[in-house]
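Engineer: Test case, fold it:
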Amino acid sequence: MSDRPVGDMAAERPDAWAEAVVAGLEAGRVAERALTEALRPAMSLKEEKAQRRAEAVRAAAMGLGPEGCASAAGVSTRLLASWRAEDPVFDAALSAARSLAYVHDVVPDVATNPAVLRVALDAILNGVPFVSAGALVGAKRDAFYRLRRGNPRLGALFGAAQNARRRTMPPARRKKAELKGYRLVRIDAPKASRADPVR
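Structural biologist: Okay, the predicted model is just below:
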C-alpha cells in the first residue's frame with residue numbers, strides 16, 4: 001500500500017482506495033475480535049449481550065430499523081425482538097434512540113450516512129448478499145443497485161467488500177458462490193422400448 005493518504009487515492013484510483021478502506025474495516029474487525037478474545041476468560045455472556053445491545057442502540061440512533069440494528073449487533077432479527085420483549089429497559093432505549101434520530105433528522109441513508117454505509121459493508125463482509133445488505137439498511141433493491149452504479153466510490157467499496165468476503169470464504173462455499181445464473185440441463189426424450197414401437 002502507498003504512503004499517500006487513502007482519501008487522495010479516491011478520485012484517481014477508486015478500486016485501490018476501496019481496497020484500502022475495506023482492509024481498514026477488516027483490520028478493525030480483527031482487532032475487535034482480538035480484544036474480545038483477550039477478555040474472554042473474564043467476560044460473561046451477560047457482558048457480551050450488553051455489548052451487543054449497545055451496538056443495536058447505536059445503530060438505532062443512526063436511524064436504522066430492526067434489521068439494521070440486529071445486523072450491527074451481530075445477531076438475528078428474531079433474537080433482537082426477543083431481547084426487546086424480555087427487557088423493557090432495552091426496548092425503551094432502542095425506541096428512544098430511534099426517536100432521537102427522527103427528531104434530529106438523521107436519515108438512515110447509505111449514500112449520506114457513514115455509520116449506515118459501514119453497517120452495509122460489515123454485512124457484506126459477513127457474507128450477506130449485496131441486495132440483502134441493502135435491505136438491512138432500508139434501501140430498496142433497485143435504488144441500491146442504482147446507487148452502486150451511479151456512485152463510483154460506493155460501487156468500488158461494495159465490490160471491494162464482496163472481493164474480501166470471497167477471499168475469506170472456505171473453498172467449498174467459494175465454489176458454490178461462484179455458480180451464478182441458470183444452469184442449463186439437457187433432458188433427452190425417453191427412448192421408446194423395443195416392445196412398444198412408436199406409432
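
Engineer: Point out where the chain drops to low pLDDT.
Structural biologist: Applying pLDDT under 70 to the chain flags residues 1-12, 170-199.

Engineer: middle-most residue in it, spatially?
Structural biologist: With distances taken as Cα atoms, centre = their mean, the residue of the chain nearest its centroid is A123 (1.3 Å).

Engineer: Which secondary structure elements does the longest helix along the chain sit against?
Structural biologist: Counting by DSSP state H, the longest helix found in the chain is helix 14-39. Using 3 or more Cβ pairs under 8 Å, 6 or more residues apart in numbering; DSSP states H and E, the elements in contact with helix 14-39 are helix 6-12, helix 114-125, helix 152-168. Placement of C-beta: from N, CA and C, glycine included.

Engineer: and after that helix, which helix or strand comes next?
Structural biologist: Remark: after helix 14-39, the chain's next helix or strand is helix 45-61, criterion DSSP states H and E.

Engineer: Mind listing what's buried along that following helix?
Structural biologist: Using 16 or more other Cβ atoms under 10 Å as the test for burial, helix 45-61 gives K49, R52, R53, E55, A56, V57, R58, A59, A60, A61.

Engineer: Let's have these in a markdown table, adding distance to A96.
Structural biologist: Compiled in a markdown table, the buried residues of helix 45-61 are given as follows (distance: Cβ to Cβ, whole Å):
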| residue | distance to A96 |
| --- | --- |
| K49 | 19 |
| R52 | 18 |
| R53 | 13 |
| E55 | 16 |
| A56 | 12 |
| V57 | 8 |
| R58 | 12 |
| A59 | 13 |
| A60 | 8 |
| A61 | 9 |
